[in-house]
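1. have a look at this prediction, sequence included:
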Amino acid sequence: MLLCMGISLAHAADPARYSGRALIAVIETFRAEGLAVVYSTDLVQLDMRVVTEPVASEPPDAVLDEILRGFGLGLARRGDNWLVIETARANEAVAPVTAGTAQLARPKLENVVVQASRYSVAEGSPAAVSALDHSDIDQLVGTGREPLRVIGRLPGAATSGLSSKQNIRGGEEDEVLVVFDGVPLFEPFHLKDFQSLFSTLDPRVVGGMEVYTGSFPAQYGDRLSGVIDVMPQRPPEQPHHEIGLDFFNIGALSTGNYGSGEWLVSARRGTLDLFFDIVRQDIGSPSYYDALAKIRHRFNSKMSWSGGIMLADDAVSLNETDRETQATADHRTLHAWTALEQSLTDELSQRTLLAWIDAENLRQGTVDRPDESIGNVLDRRRYSALLLKQDWNFAPSDEFLARWGIDLRRVDARYRYRSELEFFSDDLIAALTGRSGRDLDLAVAPDGGQVGVYLTNRWRFAPRWTAEVGLRWDKQSYVAGTDNEQTSPRLSLMYQPGRNTVLRAGWGRFAQAQGVNELQIEDGITRFFPAQRSAHTVVSLDHRFANDLTLRVELYRKHMDTLRPRYEGLFHHLELLPELSPDRVMLDPDEATARGLEVLLRRDIESRAFGWWFSASVSSVDDKFGDMTVPRSWDQARALNAGLNWQHGNWRADAVAHYHSGWPVTALSLDSDGIPVLGERNAARLPDFFTIDMRVSRRKQYASSAWTLFFELSNATNRDNPCCVDYSLEERSDGSTFIEREFDNWLPVVPSIGLIWEF
């Protein structure tokens with residue numbers, strides 16, 4: 001967003017106090033009181049917090065200017081508006097804007113967002129599209145306060161509400177890059193073999209998220225559909241500690257400053273296994289934990305060093321309710337990194353990152369379906385990567401910005417896979433899909449290197465026009481043949497016809513190589529496929545009305561080609577051991593196309609108790625097999641999201657409604673001779689999906705601590721939302737046969753109560 005003119009924020013319990021609140025929230029308080037302030041959300045960052053109360057009390061612009069000085073910022077008068085700019089620029093003489101002219105405030109190019117499909121997401125905001133106060137991390141409405149699940153509130157995301165992964169604008173779940181503190185994360189999900197219910201990111205460490213749902217800039221590579229760039233929480237000057245407990249997690253956090261440095265430490269343990277023990281649920285024991293430690297040291301005003309380590313561990317055992325399938329998984333992931341940031345001159349700066357990633361996964365289980373099938377799996381994998389990444393910024397003038405960088409990786413993986421499977425003659429689904437038994441015993445050890453190089457130039461070539469042209473080149477040495485290089489040009493254009501209106505357009509080519517850890521060995525494949533490719537075209541409009549109503553409209557098209565085969569279940573998507581399912585089929589489309597129209601509308605003014613937002617999308621995504629076009633299994637023709645927020649004193653309530661049309665499914669029926677036959681793939685639809693999630697919290701502040709008690713309901717109406725279909729061939733009393741259809745559903749009503757202690 002080029003200019004933020006009144007982004008909605010959580011209400012402060014005491015509007016007369018500023019310390020402890022997010023800087024953006026404070027600025028919005030002054031806007032609500034009539035001070036015309038214009039600012040950039042990239043200059044005024046999401047995690048900036050006011051530490052000291054200002055001495056000045058009047059006039060309002062002097063009070064705000066004093067607060068901003070603590071961040072190296074200040075106010076400059078531009079006509080009837082006050083512009084938040086860097087202190088060095090605030091001290092310069094600023095020529096006033098003549099009344100009635102159409103001149104616009106011109107922020108530095110680093111703070112200009114040229115790309116469309118970019119959202120600034122604050123820590124768990126129910127709206128999922130705005131920069132909110134840090135305290136809003138506790139207002140995430142959804143199961144387990146999961147920070148990445150909030151992406152499902154964005155227009156263009158297809159979500160069931162269960163997994164933390166999303167299908168962005170028709171893409172597969174693994175087509176989204178997740179970055180934390182500049183480090184690309186490897187499979188950052190707990191229970192990753194069982195729907196990836198939670199991410200490995202504790203919501204307390206998330207300071208904000210920049211989300212691209214298409215046409216992302218050239219510094220991001222090796223993904224087809226989207227980017228989630230997560231910024232760690234910026235520690236306050238005074239030490240801050242938290243302990244939290246709810247139905248899903250127990251965790252602690254400590255953060256603060258020491259002299260010229262700062263620290264951030266968190267640890268969290270999942271409590272689902274303890275909860276199942278208490279309620280005597282015989283469905284298994286999903287146990288997991290994660291931990292993060294990060295330190296940053298400033299040598300001087302132009303150089304700083306940071307380092308971090310992130311650990312995640314899962315020990316999961318799960319059973320189907322009838323105990324016909326049992327599975328266990330042990331998964332461990334380590335990310336360790338160090339980074340050096342330098343401002344070599346006023347125009348030139350760089351960041352060098354060195355990271356080590358190591359992961360191990362053991363998955364095993366059995367299937368014993370009487371008269372249908374019997375099988376077992378033993379799947380052991382290990383992955384490691386050494387990453388060296390360097391990014392440069394060069395801004396010789398206010399009209400031009402150049403960025404370039406290189407990404408070098410040494411990667412290797414080890415696979416050891418064994419499975420046996422036998423289908424019996426009574427297995428109806430296996431007979432229809434043509435699945436046969438298997439006896440696999442495979443060992444593969446691929447290794448090699450990856451190189452990524454990018455260059456992007458941003459140029460303000462006219463007062464209202466800004467363009468960004470980028471080029472990226474990637475190569476993988478572990479992919480055999482000549483299809484191991486990808487060139488990805490990208491172009492974005494921005495036009496600002498007035499203070500409150502921004503038009504953007506973007507086009508680009510994107511490529512995603514099959515990672516050395518993504519070998520489809522569970523389906524007997526031991527070679528890597530060429531990189532998949534896509535072309536994005538996006539046009540968007542952002543407009544802010546005089547009544548603080550904000551509107552975003554986007555139109556997009558995404559064409560995907562060079563697709564590698566994928567495997568899906570025809571009827572059931574929640575299998576513990578999917579490769580042993582009788583309905584598992586291979587899909588090998590020639591190409592795919594996604595297109596859609598998205599609308600986002602919101603109004604949320606801090607001085608008012610109520611705020612609301614609404615989004616809608618109309619879209620389609622189809623695979624093409626020769627002359628035949630088939631909807632993808634997560635195609636949703638229509639989707640609606642709506643949220644309502646209310647706050648009064650120490651109380652806050654949030655509600656979010658989510659609807660999407662039913663996803664495609666393949667039907668099973670009897671022909672005229674009473675023989676079961678499969679219908680056309682994905683020609684039928686499941687019933688529509690609808691859920692309401694609610695959260696109520698009360699925060700009590702004391703002299704040196706605070707307590708927050710919250711209660712939340714996911715799927716508050718306990719609506720049955722079908723995800724899958726089970727078919728069986730039954731016989732009537734007269735000897736005739738019929739197909740019995742039984743739906744399995746996504747989550748039922750899920751209550752949670754929790755407590756957070758801050759000190």
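-> Here it is on my side, so go on.

2. switch to C-alpha atoms for all contacts and neighbour counts from now on
-> Fine.

3. report the contact partners of Ser733.
-> Counting by C-alpha atoms under 8 Å, 6 or more residues apart in numbering, Ser733 touches no other residue.

4. er, Gly182 actually
-> If you count contacts by C-alpha under 8 Å, 6+ apart, Gly182 has them with Asp229, Leu353.

5. also His660?
-> So His660 contacts Gln636, Ala637, Arg638, Ala639, Leu640, Asp688, Phe689, Phe690 (C-alpha under 8 Å, 6+ apart).

6. just checking, which of those residues belong to strands?
-> Judged by DSSP state E, these include Arg638, Ala639, Leu640, Phe689, Phe690 as members of strands.

7. let me know the closest of those to Gly498.
-> Leu640 (29.6 Å; C-alpha to C-alpha).

8. contacting residues for that closest one?
-> Shown in contact with Leu640 (C-alpha under 8 Å, 6+ apart): Phe614, Ser615, Ala616, Ser617, His658, Tyr659, His660.

9. tell me which two in the contacts of His660 are the farthest apart.
-> Ala637 and Phe690 (14.2 Å).

10. compare these two (neighbour count), which wins?
-> Phe690 (20 against 16; other C-alpha atoms under 10 Å).

11. now the more buried one. Nearest residue, chain neighbours left out?
-> Tyr659 (4.4 Å; C-alpha to C-alpha, 6 or more residues apart in numbering).

12. residue contacts, the one you found?
-> Tyr659 touches Ala639, Leu640, Asn641, Asp688, Phe689, Phe690, Thr691, counting by C-alpha under 8 Å, 6+ apart.

13. isn't Ala511 right up against Asp483?
-> No. Counting by C-alpha atoms under 8 Å, Ala511 stays clear of Asp483, with 11.6 Å between them.

14. pull up the overlap in contacts between those two.
-> Common neighbours of Ala511 and Asp483, using C-alpha under 8 Å, 6+ apart, are Ala531.

15. looking at those two, which is more packed in?
-> Between Ala511 and Asp483, Ala511 has the larger neighbour count (other C-alpha under 10 Å), namely 27 against 13.

16. for Gly437, which residues are in contact?
-> By C-alpha under 8 Å, 6+ apart, the neighbours of Gly437 are Glu420, Leu421, Glu422, Phe423.

17. again, only using 6 Å
-> Leu421, Glu422, Phe423 (C-alpha atoms under 6 Å, 6 or more residues apart in numbering).

18. so which of these are in strands?
-> Using DSSP E, those in strands are Leu421, Glu422, Phe423.

19. who wins for neighbours among those residues?
-> Within these, neighbour counts (other C-alpha under 10 Å) peak at Phe423, which reaches 23 neighbours.

20. kindly export stretch 726-746 (C-alpha atoms) in PDB.
-> Extracted in PDB, the C-alpha atoms of stretch 726-746 (Å, rounded to 0.1, in the frame of the first residue of the first chain):
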ATOM      1  CA  ASP A 726     -17.600 -43.000   1.500                       C
ATOM      2  CA  TYR A 727     -19.400 -45.400  -0.900                       C
ATOM      3  CA  SER A 728     -20.500 -48.900  -0.300                       C
ATOM      4  CA  LEU A 729     -22.600 -51.400  -2.300                       C
ATOM      5  CA  GLU A 730     -25.600 -52.600  -0.300                       C
ATOM      6  CA  GLU A 731     -28.300 -55.100  -0.900                       C
ATOM      7  CA  ARG A 732     -32.100 -54.600  -0.300                       C
ATOM      8  CA  SER A 733     -34.400 -57.200   1.100                       C
ATOM      9  CA  ASP A 734     -35.600 -58.000  -2.400                       C
ATOM     10  CA  GLY A 735     -32.100 -58.800  -3.500                       C
ATOM     11  CA  SER A 736     -31.500 -55.600  -5.500                       C
ATOM     12  CA  THR A 737     -28.400 -53.600  -4.900                       C
ATOM     13  CA  PHE A 738     -27.900 -49.900  -4.300                       C
ATOM     14  CA  ILE A 739     -25.100 -47.500  -3.600                       C
ATOM     15  CA  GLU A 740     -25.000 -46.100  -0.100                       C
ATOM     16  CA  ARG A 741     -23.300 -42.800   0.300                       C
ATOM     17  CA  GLU A 742     -22.000 -41.400   3.600                       C
ATOM     18  CA  PHE A 743     -20.400 -38.100   4.100                       C
ATOM     19  CA  ASP A 744     -17.400 -37.400   6.300                       C
ATOM     20  CA  ASN A 745     -17.100 -33.800   7.600                       C
ATOM     21  CA  TRP A 746     -14.600 -31.200   8.400                       C
END
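
21. and the contacts of Tyr659, which is closest to Leu440?
-> Distance to Leu440 across those (C-alpha to C-alpha) is lowest for Phe689, with 38.5 Å.

22. check contacts around the closest one.
-> Tyr659, His660, Asn721.

23. what about the second one, distance to Ser619?
-> Computed as C-alpha to C-alpha, to the nearest Å, the His660 to Ser619 distance reads 11 Å.

24. can you count the residues close to the nearest residue to Leu387 once chain neighbours are set aside?
-> Leaving aside its chain neighbours, Leu387 sits nearest to Arg409 (4.5 Å; criterion: C-alpha to C-alpha, 6+ apart). By other C-alpha under 10 Å, the residues close to Arg409 number 19.

25. so which helix or strand takes in Arg409?
-> strand 400-423 (DSSP states H and E).

26. helices of this structure, start to end?
-> 23-32, 60-69, 87-90, 272-279, 428-433 (DSSP state H).

27. let's have those in CSV, adding distance to Ala531.
-> Shown next, in CSV, are those (distance: least, C-alpha to C-alpha, whole Å):
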stretch, distance to Ala531
helix 23-32, 42
helix 60-69, 47
helix 87-90, 46
helix 272-279, 38
helix 428-433, 29
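
28. for those, which one sits closest to Glu598?
-> Of those, nearest to Glu598 by C-alpha to C-alpha is helix 23-32, at 26.8 Å.

29. output the below-cut-off pLDDT ranges for the stretch 551-700 of the chain.
-> Along the stretch 551-700 of the chain, the model assigns pLDDT under 70 to residues 604-608.

30. now with 80?
-> By pLDDT under 80, the weakly predicted segments of the stretch 551-700 of the chain are 573, 603-609.

31. before we move on, the earlier item: of the contacts of Gly437, which is the nearest to Val113?
-> Among those, and counting by C-alpha to C-alpha, the member closest to Val113 is Leu421, at 52.8 Å.

32. make TSV from the ones in strands among the contacts of His660 and add distance to Arg149 to it.
-> Shown next, in TSV, are the ones in strands among the contacts of His660 (distance: C-alpha to C-alpha, whole Å):
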residue	distance to Arg149
Arg638	20
Ala639	16
Leu640	16
Phe689	17
Phe690	16
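
33. between those residues, which is closest to Trp356?
-> Ala639 (39.8 Å).

34. Ser615 is in contact with the closest one, correct?
-> No. Counting by C-alpha atoms under 6 Å, Ala639 stays clear of Ser615, with 8.2 Å between them.

35. run through the stretch 201-350 of the chain and note the low-pLDDT ranges.
-> 237, 274-284, 321-323.

36. burial measure for Val411, as a count.
-> 23.

37. please apply the same query to Gly434.
-> So Gly434, with other C-alpha under 10 Å, has 11 neighbours.

38. what lines up beside the strand holding Arg409 in the sheet?
-> Using DSSP bridges, strand 400-423 pairs in its sheet with strand 373-397 (antiparallel), strand 438-444 (antiparallel), strand 447-462 (antiparallel).

39. C-alpha coordinates for that strand, PDB please?
-> Written as PDB, here are the backbone C-alpha positions of strand 400-423 (Å, rounded to 0.1, in the frame of the first residue of the first chain):
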ATOM      1  CA  PHE A 400      15.300   5.100  -8.800                       C
ATOM      2  CA  LEU A 401      15.900   2.000  -6.700                       C
ATOM      3  CA  ALA A 402      17.900  -1.100  -7.800                       C
ATOM      4  CA  ARG A 403      17.900  -4.500  -5.900                       C
ATOM      5  CA  TRP A 404      19.900  -7.500  -6.800                       C
ATOM      6  CA  GLY A 405      21.000 -10.700  -5.100                       C
ATOM      7  CA  ILE A 406      22.100 -14.300  -5.200                       C
ATOM      8  CA  ASP A 407      20.900 -17.400  -3.500                       C
ATOM      9  CA  LEU A 408      23.200 -20.400  -3.300                       C
ATOM     10  CA  ARG A 409      22.200 -23.800  -1.800                       C
ATOM     11  CA  ARG A 410      23.900 -27.100  -1.300                       C
ATOM     12  CA  VAL A 411      21.100 -29.700  -0.700                       C
ATOM     13  CA  ASP A 412      20.900 -33.400  -0.200                       C
ATOM     14  CA  ALA A 413      18.200 -35.900   0.800                       C
ATOM     15  CA  ARG A 414      18.100 -39.600   1.900                       C
ATOM     16  CA  TYR A 415      15.000 -41.800   1.200                       C
ATOM     17  CA  ARG A 416      14.300 -45.300   2.400                       C
ATOM     18  CA  TYR A 417      10.800 -46.400   1.600                       C
ATOM     19  CA  ARG A 418       9.100 -49.800   1.900                       C
ATOM     20  CA  SER A 419       5.400 -50.700   1.500                       C
ATOM     21  CA  GLU A 420       3.200 -53.700   0.800                       C
ATOM     22  CA  LEU A 421      -0.400 -53.500  -0.300                       C
ATOM     23  CA  GLU A 422      -3.000 -56.200  -1.300                       C
ATOM     24  CA  PHE A 423      -6.500 -55.500  -2.500                       C
END
